[in-house]
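*Asks:* okay, predicted coordinates and the sequence, questions at the end:
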Amino acid sequence: MTENDSQWFTERCREGGSAFSLMIREKLHDEQSEYQRIEVYATETFGNLMVIDGFVMLTARDNFLYHEMMSHPALFMHPAPRKVVIIGGGDCGTLREILKHEEVAHVLQVDIDERVTRIAEQHFPELCVSNDDPRAEFFFVDGIQWMHDASDASIDVIIVDSTDPIGPAEGLFTEAFYRDCYRVLGERGVLVQQSESPLYHMYIINPMRKAMQRAGFSDVQTLFFPQPVYPSGWWSATLAGKQALAPAFREQAAKDKPFPTEYYNADIHHAALTAPEFFTKALE
């Protein structure tokens, strides 16, 4: 919500008893799509800010943290990622990162709300530079139904770049959805999904990991990274593999990657998968 002082946008996190604010210069866009309210602000220090239903989605300044960690660890954990599906990801930042991998032949982005992508193209063009790549294909449909209808063993990596587990995204955090993901992935398939703040949301992460395991995944790992504009400033993504994930990954390929990143590298990959003590104990 916007405070009475129109110079600030503030998102309150009631479960964490905290709030995060950004100083804004002006509102650039405001619309109610078929599915959600989408706003864009110009901020003083974080570039453009996208807000959906009152929640911060991304800023131009720090989105690289999220987009790189949602894509590169999973891709380097798969021995030969050729076909990738993104569920959500309408801002196209994750798509941009995936298409940096030359070995990826086809990326299908499945997001229910086309307006998020069109607004990103207008206000976050740097995230959409790969939208015209011939390897990219867009589907503006329900991701849960798309996965249910997808062919067995047809995908190498599934990236669930979703909003919080409320509203349309709630079904993306269920055992039924993970069972469909397991079926659609190939023999060495990898699933990764954003999994909220380890400081505030263990009540989401724990059931999520257990649901992935019940769905058949043999290895589940959570990785950690900073994200200043999200509640607590500390975020996570959870990976599930049909075979063992960590510590095995294509480390030399990550070290020799021919494309630039701002955060991810092979050492970050190792470090991100190192769980703090409280997290390990919470899983016992």
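*Replies:* Here it is on my side, so go on.
*Asks:* work out which residue lies at the spatial centre of the chain.
*Replies:* The residue lying closest to the centre of the chain (C-alpha atoms, centre = their mean) is Asp161, at 3.2 Å.
*Asks:* ok, that residue touching Leu172?
*Replies:* No. Between Asp161 and Leu172 there is no contact under C-beta atoms under 8 Å: 9.9 Å. For every residue, glycine as well, the C-beta is placed using N, CA and C.
*Asks:* what touches both of those two?
*Replies:* Contact with both Asp161 and Leu172 is made by residues 87-88, according to C-beta atoms under 8 Å, 6 or more residues apart in numbering.
*Asks:* which pLDDT does the model give the residue nearest to the centre of the chain?
*Replies:* Residue-level confidence at Asp161 comes out at 96, pLDDT.
*Asks:* contacting residues around it?
*Replies:* Asp161 touches 70, 86-89, 94, 194, counting by C-beta under 8 Å, 6+ apart.
*Asks:* Val85 now?
*Replies:* Contact analysis of Val85 by C-beta under 8 Å, 6+ apart lists 107-110, 147, 150, 155, 157-159, 184.
*Asks:* so of these, which ones are in helices?
*Replies:* 147, 184 (DSSP state H).
*Asks:* of the contacts of Val85, which is the nearest to Gln227?
*Replies:* Ile159 (16.3 Å; C-beta to C-beta).
*Asks:* I figured the closest one hits Ile86, correct?
*Replies:* Yes. Counting by C-beta under 8 Å, Ile159 does reach Ile86; the two are 4.9 Å apart.
*Asks:* overlap of the contact sets of these two?
*Replies:* Common neighbours of Ile159 and Ile86 (C-beta under 8 Å, 6+ apart) are 94, 98.
*Asks:* on that earlier part again, let's have the contacts of Val85 in TSV, adding neighbour count and distance to Trp234.
*Replies:* Below are the contacts of Val85 laid out as TSV (neighbours: other C-beta atoms under 10 Å; distance: C-beta to C-beta, whole Å):
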residue	neighbour count	distance to Trp234
Val107	24	28
Leu108	19	30
Gln109	25	27
Val110	24	28
Met147	23	29
Ala150	19	33
Ile155	24	30
Val157	27	25
Ile158	28	24
Ile159	27	20
Val184	21	31
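*Asks:* among the contacts of Val85, which are in strands?
*Replies:* 107-110, 155, 157-159 (DSSP state E).
*Asks:* re earlier: nearest to Phe259, of the contacts of Val85?
*Replies:* Distances from Phe259 to those, taken as C-beta to C-beta, are shortest for Val107 (14.9 Å).
*Asks:* for the residue nearest to the centre of the chain, which non-adjacent residue is closest in space?
*Replies:* Spatial nearest neighbour of Asp161, excluding adjacent residues (C-beta to C-beta, 6 or more residues apart in numbering): Gly89 at 3.6 Å.
*Asks:* again with Glu39
*Replies:* Leaving aside its chain neighbours, Glu39 sits nearest to Val51 (4.4 Å; criterion: C-beta to C-beta, 6+ apart).
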